[in-house]
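Chemist: Predicted model and sequence below, questions to follow.
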There are 2 protein chains.
Amino acid sequence: MGATRLKIHDQNHIDISRIAKVFAHPARVAILKELSVQEGCCNDLVEVIGLSQATISQHLTVIGDAGLLYGSHKGKQRNYCLNIERLEEFRQSLNSFFSKTKSNCC
Amino acid sequence: MGATRLKIHDQNHIDISRIAKVFAHPARVAILKELSVQEGCCNDLVEVIGLSQATISQHLTVIGDAGLLYGSHKGKQRNYCLNIERLEEFRQSLNSFFSKTKSNCC
DNA sequence: TCGTGATATTGCAATATTACGATAATAGTG
DNA sequence: CACTATTATCGTAATATTGCAATATCACGA
């Protein structure tokens, strides 16, 4: 085998793990942090983070697929900006998980 | 290459990603949830979650390495229990990241 | 529409993760 | 000490992730 057997898991647990995966790589954390300071384009992030354009673009896709990005075209480049509402949803989902886990504990 | 190039990343970003990784698999989320309801042994989790004993043990190691477990021997089995203080630390680290990210955003 | 700069995608290689069977180690019981 | 039940580890296979070079696509300006 090797792949995660999603069918056996609770949907809620899958949801939490999907959210967590977005933050489970330092480059993606760095991208989120950077975009929170200032919206920016792919090349900005390439310079700041030090990975190739292709790799940064891939990470942006992961973050974007999670619904955390707005993109707009500005001149020849595409500007990325955080979707704060979505980020807040993520924070609340995780907090809710932490709270329940904490409160029920032995 | 293929492996994460840790050397280029901020320690703080690496820390966040390490925390997130613990929650980045539904089986580990399920284990944490289950242990929050009731402390239990490996075989309990095998039954509840539906993965093999070896796999559950592996996930327990990941969770344990992150400092989230206490273990004690009770009869022939080993009882696992959540380290709530550590879990709270994780919650706070993530919340701090979310807060900073949110407050700085464009 | 053609060219240019920026971003996305493709293809590939390296590494990591997930899962399980088999087996070893461990702790309590008789 | 042997026996048993439980858990950890090893070996291995399958899948996923990460990263980059090369290339394709896209959006704008001339």
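Modeler: Thanks, I have it. This is a predicted model, so every value here is computed, not measured.

Chemist: which residue packs closest to residue A:22, ignoring adjacent ones?
Modeler: Counting by Cβ to Cβ, 6 or more residues apart in numbering or on different chains, residue A:66 is the residue found nearest to residue A:22 once chain neighbours are left out, at 4.8 Å. All C-beta atoms are positioned from the backbone trio N, CA, C, and that covers glycine.

Chemist: okay but that neighbour is in contact with residue A:15, surely?
Modeler: No: in this structure, residue A:66 is not within contact of residue A:15 by Cβ atoms under 8 Å, at 11.2 Å.

Chemist: Which one's more surrounded, these two?
Modeler: Ranked by neighbour count (other Cβ atoms under 10 Å in any protein chain shown), residue A:66 and residue A:15 place residue A:66 first, with 18 against 15.

Chemist: For that one, grab phi and psi.
Modeler: phi -80, psi 0 (degrees, to the nearest 10).

Chemist: Please apply the same query to residue A:55.
Modeler: phi -70, psi -40.

Chemist: quick one: it and residue A:68, what's the gap?
Modeler: As for residue A:55, its distance to residue A:68 is 18 Å (criterion: Cβ to Cβ, to the nearest Å).

Chemist: Counting neighbours, go ahead and name the busier of these two.
Modeler: residue A:68 (24 against 15).

Chemist: Show the contacting residues for that one.
Modeler: By Cβ atoms under 8 Å, 6 or more residues apart in numbering or on different chains, the contact set of residue A:68 is A:22, A:32, A:82-83, A:86-87, A:90.

Chemist: filter the residues you listed to the buried ones?
Modeler: A:22, A:32, A:82-83, A:87, A:90 (16 or more other Cβ atoms under 10 Å in any protein chain shown).

Chemist: Columns pLDDT, secondary structure and distance to DNA strand C on top of those residues, output as JSON lines?
Modeler: JSON lines is the format used below for the buried ones among the contacts of residue A:68 (pLDDT from 0 to 100; DSSP: H, G, I helix; E, B strand; the rest coil; distance: Cβ to the nearest atom of the strand, whole Å):
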{"residue": "A:22", "pLDDT": "98", "secondary structure": "helix", "distance to DNA strand C": "14"}
{"residue": "A:32", "pLDDT": "98", "secondary structure": "helix", "distance to DNA strand C": "15"}
{"residue": "A:82", "pLDDT": "97", "secondary structure": "strand", "distance to DNA strand C": "15"}
{"residue": "A:83", "pLDDT": "97", "secondary structure": "coil", "distance to DNA strand C": "15"}
{"residue": "A:87", "pLDDT": "97", "secondary structure": "helix", "distance to DNA strand C": "19"}
{"residue": "A:90", "pLDDT": "98", "secondary structure": "helix", "distance to DNA strand C": "19"}
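
Chemist: Closest to residue A:50 out of the residues you listed?
Modeler: For the buried ones among the contacts of residue A:68, the minimum distance to residue A:50 (Cβ to Cβ) is 16.2 Å, reached by residue A:32.
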